[in-house]
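1. could you look at this predicted model? Sequence included:
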Amino acid sequence: MRLTSTALLLVFAAALAGCNDTLESATYDTPKVSNKVEQPLPGRILAEIQKKGMERNSPIMLRIFKEEGKLEVWKAKTNNRFDLIASYDICAWSGRLGPKVKEGDRQAPEGFYPLTPYHLNPNSKYFLAINTGFPNRFDQANGRSGTNLMIHGACSSSGCYSMTDAQILEIYAFARDAFKGGQTSIQLQAFPFRMTAENMARHRHSQHIEFWKMLKVGYDQFEVTKRPPEVNVCEKKYVFNQVAAEGQSFAAQAACPPMSTPPALEMAMAGHNAAYDKAYDKALKKFDGKIWYDPTEAERKALVADLRRSRAKDLAFAPTGSALKAGKLLDIDDVDPATLSAPDGAAAVNRMANNASGNGTAAPMSTPGNAAPVANQAATAQAAPGTQTASNIPVPQPNPLAPPQAAAAPEAPTSKKPFWKLWQSE
(Lines give C-alpha, C1' and ligand atoms only; values in the text may rest on other atoms or scores of the structure.)
Protein backbone atom coordinates (compact mmCIF):
# COMPACT_ATOMS: atom_id res chain seq x y z
CA MET A 1 0.00 0.00 0.00
CA ARG A 2 2.85 2.38 0.87
CA LEU A 3 4.55 1.68 -2.46
CA THR A 4 1.34 2.38 -4.35
CA SER A 5 0.86 5.68 -2.50
CA THR A 6 4.43 6.70 -3.25
CA ALA A 7 3.99 5.92 -6.94
CA LEU A 8 0.81 7.98 -7.07
CA LEU A 9 2.58 10.92 -5.44
CA LEU A 10 5.33 10.76 -8.06
CA VAL A 11 2.76 10.79 -10.85
CA PHE A 12 0.97 13.76 -9.25
CA ALA A 13 4.22 15.69 -8.93
CA ALA A 14 4.98 15.04 -12.58
CA ALA A 15 1.55 16.37 -13.51
CA LEU A 16 2.28 19.69 -11.85
CA ALA A 17 5.66 20.12 -13.51
CA GLY A 18 4.75 18.98 -17.00
CA CYS A 19 6.04 16.00 -18.96
CA ASN A 20 9.42 15.94 -17.28
CA ASP A 21 10.52 12.31 -17.58
CA THR A 22 10.23 11.58 -13.86
CA LEU A 23 8.60 8.21 -14.41
CA GLU A 24 10.97 5.25 -14.30
CA SER A 25 8.97 3.45 -16.97
CA ALA A 26 6.31 5.00 -19.16
CA THR A 27 5.63 3.05 -22.31
CA TYR A 28 2.57 1.95 -24.23
CA ASP A 29 2.35 -0.25 -27.32
CA THR A 30 6.15 -0.27 -27.44
CA PRO A 31 7.57 -1.52 -30.76
CA LYS A 32 10.31 -4.13 -30.61
CA VAL A 33 13.12 -2.39 -32.51
CA SER A 34 16.86 -2.61 -32.09
CA ASN A 35 17.53 1.13 -32.42
CA LYS A 36 14.53 3.41 -31.90
CA VAL A 37 16.49 6.56 -32.77
CA GLU A 38 17.53 5.32 -36.22
CA GLN A 39 14.52 3.11 -36.97
CA PRO A 40 13.54 3.80 -40.60
CA LEU A 41 10.04 4.73 -41.64
CA PRO A 42 7.93 1.68 -42.51
CA GLY A 43 7.61 0.54 -46.09
CA ARG A 44 3.99 1.66 -46.43
CA ILE A 45 4.98 5.28 -45.65
CA LEU A 46 8.04 5.18 -47.92
CA ALA A 47 5.80 3.94 -50.74
CA GLU A 48 3.36 6.80 -50.11
CA ILE A 49 6.23 9.32 -50.10
CA GLN A 50 7.32 8.10 -53.51
CA LYS A 51 3.75 8.04 -54.81
CA LYS A 52 3.20 11.68 -53.83
CA GLY A 53 6.36 12.88 -55.54
CA MET A 54 8.34 13.57 -52.38
CA GLU A 55 11.93 12.95 -51.40
CA ARG A 56 12.53 10.85 -48.29
CA ASN A 57 14.51 13.67 -46.63
CA SER A 58 12.37 16.58 -47.84
CA PRO A 59 11.08 19.14 -45.27
CA ILE A 60 8.07 18.41 -43.07
CA MET A 61 5.55 20.38 -41.02
CA LEU A 62 3.44 19.20 -38.07
CA ARG A 63 -0.17 20.18 -37.42
CA ILE A 64 -2.18 19.44 -34.27
CA PHE A 65 -5.95 19.74 -33.85
CA LYS A 66 -6.87 19.39 -30.18
CA GLU A 67 -10.64 19.03 -30.36
CA GLU A 68 -10.42 16.39 -33.06
CA GLY A 69 -7.44 14.72 -31.40
CA LYS A 70 -5.30 14.57 -34.54
CA LEU A 71 -1.60 15.08 -35.28
CA GLU A 72 -0.78 15.44 -38.97
CA VAL A 73 2.57 15.24 -40.77
CA TRP A 74 2.83 17.31 -43.95
CA LYS A 75 5.77 16.88 -46.29
CA ALA A 76 7.20 18.97 -49.13
CA LYS A 77 6.84 17.71 -52.69
CA THR A 78 9.34 18.51 -55.44
CA ASN A 79 7.34 21.67 -56.30
CA ASN A 80 7.89 22.88 -52.70
CA ARG A 81 4.19 22.60 -51.86
CA PHE A 82 3.34 20.50 -48.81
CA ASP A 83 0.95 17.55 -48.84
CA LEU A 84 -0.46 15.42 -46.04
CA ILE A 85 1.58 12.25 -45.66
CA ALA A 86 0.43 10.84 -42.29
CA SER A 87 -2.30 11.43 -39.70
CA TYR A 88 -2.32 10.06 -36.14
CA ASP A 89 -4.92 9.92 -33.37
CA ILE A 90 -3.50 11.71 -30.32
CA CYS A 91 -3.66 9.21 -27.46
CA ALA A 92 -3.82 11.84 -24.68
CA TRP A 93 -3.77 15.61 -24.20
CA SER A 94 -4.57 17.35 -20.96
CA GLY A 95 -6.65 20.39 -20.04
CA ARG A 96 -9.25 21.96 -22.34
CA LEU A 97 -9.32 23.97 -25.53
CA GLY A 98 -7.31 27.17 -25.21
CA PRO A 99 -3.65 28.18 -24.92
CA LYS A 100 -1.20 27.31 -22.19
CA VAL A 101 -0.73 30.29 -19.88
CA LYS A 102 1.25 29.24 -16.83
CA GLU A 103 3.21 26.38 -15.32
CA GLY A 104 0.90 23.81 -13.75
CA ASP A 105 -2.33 24.75 -15.59
CA ARG A 106 -2.26 21.38 -17.43
CA GLN A 107 -2.94 23.13 -20.73
CA ALA A 108 -1.28 21.90 -23.91
CA PRO A 109 0.21 24.69 -26.07
CA GLU A 110 -1.58 26.32 -28.99
CA GLY A 111 0.29 28.43 -31.52
CA PHE A 112 3.19 28.24 -33.96
CA TYR A 113 6.46 26.71 -32.77
CA PRO A 114 9.83 26.21 -34.52
CA LEU A 115 11.48 22.85 -33.87
CA THR A 116 15.21 22.32 -34.41
CA PRO A 117 17.36 19.20 -33.97
CA TYR A 118 17.95 20.41 -30.40
CA HIS A 119 14.28 19.73 -29.64
CA LEU A 120 14.60 15.99 -30.30
CA ASN A 121 15.03 13.87 -27.17
CA PRO A 122 16.13 10.32 -27.98
CA ASN A 123 16.57 9.50 -24.28
CA SER A 124 13.06 10.24 -23.06
CA LYS A 125 11.53 7.84 -20.56
CA TYR A 126 8.35 8.36 -22.57
CA PHE A 127 10.07 6.27 -25.30
CA LEU A 128 10.89 9.23 -27.63
CA ALA A 129 10.05 12.92 -27.37
CA ILE A 130 10.07 16.17 -29.31
CA ASN A 131 10.02 19.37 -27.26
CA THR A 132 7.34 21.77 -28.59
CA GLY A 133 9.53 24.80 -27.89
CA PHE A 134 7.02 26.38 -25.50
CA PRO A 135 7.27 29.19 -24.56
CA ASN A 136 8.04 30.77 -27.94
CA ARG A 137 8.60 34.50 -28.49
CA PHE A 138 4.86 35.21 -28.53
CA ASP A 139 4.37 33.30 -25.27
CA GLN A 140 7.33 35.04 -23.63
CA ALA A 141 6.14 38.48 -24.70
CA ASN A 142 2.77 37.74 -23.10
CA GLY A 143 4.25 36.50 -19.83
CA ARG A 144 3.33 32.86 -20.31
CA SER A 145 5.29 30.18 -18.49
CA GLY A 146 5.80 26.45 -18.69
CA THR A 147 8.55 23.91 -19.24
CA ASN A 148 9.05 20.50 -20.82
CA LEU A 149 5.96 20.56 -23.03
CA MET A 150 6.47 17.61 -25.36
CA ILE A 151 5.13 15.45 -28.10
CA HIS A 152 6.04 12.02 -26.73
CA GLY A 153 5.06 8.38 -26.37
CA ALA A 154 3.56 6.46 -23.43
CA CYS A 155 -0.02 7.78 -23.81
CA SER A 156 0.14 9.94 -20.67
CA SER A 157 -0.09 13.74 -20.63
CA SER A 158 0.25 16.65 -18.22
CA GLY A 159 0.32 19.54 -20.64
CA CYS A 160 1.83 17.51 -23.47
CA TYR A 161 0.59 15.83 -26.62
CA SER A 162 1.07 12.13 -25.98
CA MET A 163 1.07 9.45 -28.64
CA THR A 164 1.50 5.70 -28.50
CA ASP A 165 5.10 4.53 -28.70
CA ALA A 166 4.50 3.15 -32.19
CA GLN A 167 3.20 6.53 -33.37
CA ILE A 168 6.02 8.62 -31.89
CA LEU A 169 8.53 6.21 -33.44
CA GLU A 170 7.24 7.25 -36.88
CA ILE A 171 6.84 10.96 -36.07
CA TYR A 172 10.38 11.09 -34.68
CA ALA A 173 11.67 9.36 -37.86
CA PHE A 174 9.92 11.95 -40.05
CA ALA A 175 11.67 14.76 -38.16
CA ARG A 176 15.04 13.01 -38.06
CA ASP A 177 15.01 12.38 -41.83
CA ALA A 178 13.98 15.98 -42.58
CA PHE A 179 16.84 17.33 -40.46
CA LYS A 180 19.25 14.95 -42.20
CA GLY A 181 18.01 16.37 -45.49
CA GLY A 182 19.02 19.88 -44.45
CA GLN A 183 15.84 21.31 -42.92
CA THR A 184 16.89 23.57 -40.05
CA SER A 185 13.49 24.36 -38.53
CA ILE A 186 10.27 22.33 -38.60
CA GLN A 187 7.10 24.34 -38.06
CA LEU A 188 4.65 22.97 -35.49
CA GLN A 189 1.15 24.42 -35.83
CA ALA A 190 -1.03 23.62 -32.80
CA PHE A 191 -4.70 24.59 -33.18
CA PRO A 192 -7.76 24.10 -30.97
CA PHE A 193 -9.68 22.77 -34.02
CA ARG A 194 -9.75 23.05 -37.80
CA MET A 195 -10.47 26.72 -38.31
CA THR A 196 -13.34 26.37 -40.74
CA ALA A 197 -16.22 28.83 -40.87
CA GLU A 198 -18.51 26.35 -39.11
CA ASN A 199 -16.06 25.65 -36.29
CA MET A 200 -15.32 29.36 -35.77
CA ALA A 201 -19.04 30.07 -35.56
CA ARG A 202 -19.60 27.15 -33.18
CA HIS A 203 -16.88 28.47 -30.84
CA ARG A 204 -17.66 32.19 -31.27
CA HIS A 205 -18.67 32.57 -27.60
CA SER A 206 -15.40 31.19 -26.24
CA GLN A 207 -13.22 33.42 -24.10
CA HIS A 208 -10.32 32.45 -26.39
CA ILE A 209 -11.95 33.55 -29.65
CA GLU A 210 -9.73 36.62 -30.20
CA PHE A 211 -6.62 34.49 -29.77
CA TRP A 212 -8.01 31.88 -32.15
CA LYS A 213 -8.89 34.53 -34.75
CA MET A 214 -5.23 35.54 -34.64
CA LEU A 215 -4.06 31.96 -35.23
CA LYS A 216 -6.60 31.58 -38.02
CA VAL A 217 -4.75 34.00 -40.29
CA GLY A 218 -1.74 31.67 -40.38
CA TYR A 219 -4.02 28.66 -40.73
CA ASP A 220 -5.76 30.19 -43.74
CA GLN A 221 -2.56 31.22 -45.46
CA PHE A 222 -1.23 27.69 -45.26
CA GLU A 223 -4.53 26.37 -46.61
CA VAL A 224 -4.09 28.63 -49.65
CA THR A 225 -0.33 28.38 -50.29
CA LYS A 226 0.37 24.91 -48.88
CA ARG A 227 3.63 26.31 -47.53
CA PRO A 228 4.39 27.02 -43.86
CA PRO A 229 3.93 30.76 -43.35
CA GLU A 230 6.75 33.11 -42.42
CA VAL A 231 6.30 34.07 -38.79
CA ASN A 232 7.12 37.08 -36.68
CA VAL A 233 5.88 38.65 -33.48
CA CYS A 234 5.34 42.35 -32.79
CA GLU A 235 3.08 44.24 -30.36
CA LYS A 236 2.85 40.88 -28.54
CA LYS A 237 0.94 39.46 -31.51
CA TYR A 238 1.66 36.95 -34.24
CA VAL A 239 2.03 38.37 -37.76
CA PHE A 240 2.14 36.14 -40.85
CA ASN A 241 3.93 36.55 -44.15
CA GLN A 242 4.57 40.26 -43.68
CA VAL A 243 7.42 42.15 -45.34
CA ALA A 244 8.86 44.86 -43.11
CA ALA A 245 9.75 48.20 -44.68
CA GLU A 246 13.39 48.59 -45.68
CA GLY A 247 15.62 48.98 -42.66
CA GLN A 248 12.83 47.90 -40.26
CA SER A 249 12.56 44.72 -38.21
CA PHE A 250 10.18 42.86 -35.93
CA ALA A 251 10.47 42.81 -32.14
CA ALA A 252 8.03 40.83 -30.02
CA GLN A 253 7.13 43.60 -27.54
CA ALA A 254 7.75 46.63 -29.77
CA ALA A 255 5.32 48.33 -32.12
CA CYS A 256 4.92 46.58 -35.47
CA PRO A 257 7.04 48.21 -38.18
CA PRO A 258 5.50 49.42 -41.46
CA MET A 259 4.83 46.17 -43.35
CA SER A 260 3.01 44.82 -46.35
CA THR A 261 1.62 41.60 -47.80
CA PRO A 262 3.03 40.34 -51.14
CA PRO A 263 0.48 41.25 -53.86
CA ALA A 264 0.07 37.66 -55.13
CA LEU A 265 -0.69 36.40 -51.63
CA GLU A 266 -3.04 39.32 -50.96
CA MET A 267 -5.05 38.53 -54.10
CA ALA A 268 -5.24 34.82 -53.28
CA MET A 269 -6.40 35.54 -49.73
CA ALA A 270 -9.08 37.98 -50.95
CA GLY A 271 -10.80 35.18 -52.83
CA HIS A 272 -10.43 32.80 -49.91
CA ASN A 273 -11.83 35.34 -47.45
CA ALA A 274 -14.83 36.11 -49.65
CA ALA A 275 -15.80 32.44 -49.68
CA TYR A 276 -15.21 32.22 -45.93
CA ASP A 277 -17.49 35.20 -45.24
CA LYS A 278 -20.39 33.49 -47.00
CA ALA A 279 -19.79 30.21 -45.18
CA TYR A 280 -19.51 31.99 -41.83
CA ASP A 281 -22.82 33.82 -42.32
CA LYS A 282 -24.46 30.49 -43.09
CA ALA A 283 -22.90 28.90 -40.00
CA LEU A 284 -24.13 31.76 -37.78
CA LYS A 285 -27.69 30.92 -38.76
CA LYS A 286 -27.09 27.24 -38.01
CA PHE A 287 -25.82 27.99 -34.50
CA ASP A 288 -28.13 30.90 -33.71
CA GLY A 289 -29.13 30.76 -30.05
CA LYS A 290 -26.64 28.00 -29.32
CA ILE A 291 -23.41 27.86 -27.34
CA TRP A 292 -20.80 25.10 -27.41
CA TYR A 293 -19.92 23.36 -24.16
CA ASP A 294 -16.20 22.55 -24.08
CA PRO A 295 -15.83 19.39 -22.00
CA THR A 296 -13.44 18.98 -19.10
CA GLU A 297 -10.52 16.59 -19.19
CA ALA A 298 -12.40 14.32 -16.77
CA GLU A 299 -15.38 14.19 -19.11
CA ARG A 300 -13.13 13.24 -22.01
CA LYS A 301 -11.47 10.53 -19.93
CA ALA A 302 -14.88 9.09 -19.09
CA LEU A 303 -15.33 8.22 -22.76
CA VAL A 304 -12.35 5.85 -22.62
CA ALA A 305 -12.90 4.50 -19.08
CA ASP A 306 -13.01 0.89 -20.26
CA LEU A 307 -9.69 1.25 -22.05
CA ARG A 308 -8.11 2.82 -18.98
CA ARG A 309 -9.40 0.01 -16.74
CA SER A 310 -7.91 -2.60 -19.07
CA ARG A 311 -4.45 -1.33 -18.09
CA ALA A 312 -5.17 -0.29 -14.51
CA LYS A 313 -1.81 -1.56 -13.26
CA ASP A 314 0.06 0.81 -15.58
CA LEU A 315 0.08 4.14 -13.74
CA ALA A 316 1.53 5.91 -16.77
CA PHE A 317 -1.28 4.90 -19.13
CA ALA A 318 -3.85 7.71 -19.23
CA PRO A 319 -5.67 8.11 -22.58
CA THR A 320 -8.20 10.88 -23.07
CA GLY A 321 -11.27 10.83 -25.28
CA SER A 322 -12.45 13.18 -28.01
CA ALA A 323 -13.51 16.71 -27.08
CA LEU A 324 -15.90 16.62 -30.04
CA LYS A 325 -17.67 13.56 -28.68
CA ALA A 326 -17.71 14.78 -25.07
CA GLY A 327 -18.77 18.35 -25.91
CA LYS A 328 -22.28 19.47 -26.83
CA LEU A 329 -24.39 22.36 -28.04
CA LEU A 330 -26.55 24.07 -25.43
CA ASP A 331 -29.35 26.58 -25.72
CA ILE A 332 -27.76 29.88 -24.78
CA ASP A 333 -30.85 30.81 -22.75
CA ASP A 334 -30.15 27.84 -20.47
CA VAL A 335 -26.61 28.99 -19.64
CA ASP A 336 -25.93 31.02 -16.49
CA PRO A 337 -25.65 34.69 -17.63
CA ALA A 338 -22.71 35.13 -15.22
CA THR A 339 -20.64 32.91 -17.53
CA LEU A 340 -21.35 35.11 -20.54
CA SER A 341 -19.60 38.29 -19.38
CA ALA A 342 -17.26 39.60 -22.04
CA PRO A 343 -13.60 39.67 -20.96
CA ASP A 344 -11.53 42.63 -22.02
CA GLY A 345 -8.09 42.95 -23.59
CA ALA A 346 -5.50 40.33 -22.78
CA ALA A 347 -7.87 38.66 -20.30
CA ALA A 348 -9.78 37.27 -23.27
CA VAL A 349 -6.66 35.32 -24.19
CA ASN A 350 -5.32 34.39 -20.78
CA ARG A 351 -8.34 33.54 -18.59
CA MET A 352 -8.75 29.80 -18.26
CA ALA A 353 -12.08 28.03 -18.68
CA ASN A 354 -12.55 26.87 -15.10
CA ASN A 355 -16.27 27.38 -14.54
CA ALA A 356 -18.78 24.58 -14.77
CA SER A 357 -20.08 25.60 -18.16
CA GLY A 358 -16.63 25.55 -19.67
CA ASN A 359 -17.39 28.79 -21.53
CA GLY A 360 -16.47 32.06 -19.87
CA THR A 361 -17.35 33.77 -23.11
CA ALA A 362 -16.51 36.81 -25.10
CA ALA A 363 -18.96 38.74 -27.19
CA PRO A 364 -19.87 36.94 -30.42
CA MET A 365 -17.68 37.58 -33.44
CA SER A 366 -19.00 40.47 -35.49
CA THR A 367 -16.64 39.72 -38.35
CA PRO A 368 -14.91 36.57 -39.56
CA GLY A 369 -11.38 35.84 -38.40
CA ASN A 370 -9.68 37.21 -41.50
CA ALA A 371 -11.21 40.67 -41.33
CA ALA A 372 -8.43 42.05 -39.11
CA PRO A 373 -6.11 44.68 -40.63
CA VAL A 374 -2.78 43.52 -42.01
CA ALA A 375 -0.91 44.99 -39.06
CA ASN A 376 -2.95 42.81 -36.69
CA GLN A 377 -2.71 39.55 -38.60
CA ALA A 378 -1.66 36.42 -36.76
CA ALA A 379 1.67 34.83 -37.52
CA THR A 380 3.90 32.00 -36.52
CA ALA A 381 6.67 32.48 -34.02
CA GLN A 382 9.35 30.56 -35.82
CA ALA A 383 11.06 33.16 -37.97
CA ALA A 384 14.10 34.72 -36.39
CA PRO A 385 13.73 38.42 -35.52
CA GLY A 386 14.78 40.71 -38.31
CA THR A 387 13.80 42.22 -41.58
CA GLN A 388 11.71 40.08 -43.91
CA THR A 389 11.98 40.19 -47.66
CA ALA A 390 9.31 39.33 -50.21
CA SER A 391 11.37 36.37 -51.41
CA ASN A 392 10.87 34.68 -48.04
CA ILE A 393 7.10 34.86 -48.16
CA PRO A 394 5.19 31.81 -49.43
CA VAL A 395 2.96 33.03 -52.27
CA PRO A 396 0.91 31.03 -54.78
CA GLN A 397 3.15 29.92 -57.66
CA PRO A 398 1.74 29.54 -61.20
CA ASN A 399 4.48 27.09 -62.19
CA PRO A 400 4.06 23.76 -60.34
CA LEU A 401 7.51 22.64 -61.52
CA ALA A 402 9.37 25.44 -59.76
CA PRO A 403 12.59 24.20 -58.14
CA PRO A 404 12.44 23.37 -54.43
CA GLN A 405 13.24 26.08 -51.90
CA ALA A 406 13.66 26.06 -48.15
CA ALA A 407 10.39 25.06 -46.53
CA ALA A 408 10.66 27.53 -43.69
CA ALA A 409 12.90 30.36 -42.63
CA PRO A 410 15.98 28.92 -40.89
CA GLU A 411 16.32 29.61 -37.22
CA ALA A 412 19.61 29.26 -35.41
CA PRO A 413 19.42 26.81 -32.52
CA THR A 414 19.10 28.47 -29.16
CA SER A 415 22.31 28.73 -27.19
CA LYS A 416 20.56 27.20 -24.20
CA LYS A 417 20.59 23.43 -24.43
CA PRO A 418 17.45 21.40 -23.66
CA PHE A 419 17.48 20.01 -20.15
CA TRP A 420 18.35 16.51 -21.31
CA LYS A 421 21.54 17.72 -23.09
CA LEU A 422 22.98 19.82 -20.28
CA TRP A 423 25.33 17.03 -19.29
CA GLN A 424 26.90 16.86 -22.74
CA SER A 425 30.15 18.66 -23.51
CA GLU A 426 30.28 21.30 -26.21
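-> That came through fine. Everything numeric here is computed off the predicted structure, so don't read it as measured data.
2. output the lowest mean pLDDT helix or strand found in the chain.
-> helix 347-350 (a mean of 35; mean pLDDT, DSSP states H and E).
3. would you check how far apart the residue lying closest to residue 89 once chain neighbours are set aside and residue 322 are?
-> Excluding its sequence neighbours, the residue lying closest to residue 89 (Cβ to Cβ, 6 or more residues apart in numbering) is residue 69, at 5.8 Å. The way it works is simple: take the backbone N, C-alpha and C, and place the C-beta from them, glycine included. Per Cβ to Cβ, to the nearest Å, residue 69 is found 5 Å from residue 322.
4. these two: who's more crowded?
-> In terms of neighbours (other Cβ atoms under 10 Å), residue 69 is the more surrounded of residue 69 and residue 322; the figures are 22 against 17.
5. for the residue nearest to residue 89, give me its contacts.
-> Contact analysis of residue 69 by Cβ atoms under 8 Å, 6 or more residues apart in numbering lists 89-90, 93, 320, 322-324.
6. kindly recompute the last result at 6 Å.
-> By Cβ atoms under 6 Å, 6 or more residues apart in numbering, the residues touching residue 69 are 89-90, 322.
7. now residue 236
-> With contact set as Cβ under 6 Å, 6+ apart, residue 236 has these partners: 141-142.
8. let's see that with 7 Å instead.
-> 141-142, 252-253 (Cβ atoms under 7 Å, 6 or more residues apart in numbering).
9. can I have the buried ones of those as a ChimeraX selection?
-> To isolate the buried members of these in ChimeraX, using 16 or more other Cβ atoms under 10 Å:
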select :141,142,252
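10. can you list the contacts of residue 236 in a markdown table and add pLDDT?
-> Listed next are the contacts of residue 236 as a markdown table, based on pLDDT from 0 to 100:
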| residue | pLDDT |
| --- | --- |
| 141 | 98 |
| 142 | 98 |
| 252 | 97 |
| 253 | 96 |
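11. adding secondary structure, write the contacts of residue 236 out as a markdown table.
-> Output for the contacts of residue 236, formatted as a markdown table (DSSP: H, G, I helix; E, B strand; the rest coil):
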| residue | secondary structure |
| --- | --- |
| 141 | helix |
| 142 | coil |
| 252 | coil |
| 253 | coil |
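12. leaving out chain neighbours, which residue sits closest to residue 183?
-> residue 59 (4.3 Å).
13. wait, I meant residue 233
-> Going by Cβ to Cβ, 6+ apart, residue 233 has residue 252 as its nearest residue, at 4.2 Å.
14. distance check, the one you found against residue 303.
-> Residue 252 sits 39 Å away from residue 303 when distances are taken as Cβ to Cβ.
15. returning to what we had before: what would the contacts of residue 69 look like in CSV with pLDDT, secondary structure and distance to residue 299?
-> Shown next, in CSV, are the contacts of residue 69 (pLDDT from 0 to 100; DSSP: H, G, I helix; E, B strand; the rest coil; distance: Cβ to Cβ, whole Å):
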residue, pLDDT, secondary structure, distance to residue 299
89, 95, strand, 18
90, 95, coil, 17
322, 91, coil, 11
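16. nearest to residue 223, of the residues you listed?
-> residue 90 (21.1 Å; Cβ to Cβ).
17. report how many residues lie close to the closest one.
-> If we define neighbours as other Cβ under 10 Å, then residue 90 has 25 of them.
18. is it true that it touches residue 71?
-> Yes - under the criterion of Cβ atoms under 7 Å, residue 90 makes contact with residue 71 at 5.5 Å.
19. overlap in contacts, the two.
-> 161, 163.
20. how close does residue 169 sit to residue 293?
-> Following Cβ to Cβ, the distance that separates residue 169 from residue 293 is 36 Å.
21. settle it for me: which of the two has more neighbours?
-> residue 169 (22 against 17).
22. ok so the more buried one is a helix residue?
-> Yes - assessed with three-state DSSP, residue 169 lies in a helix.
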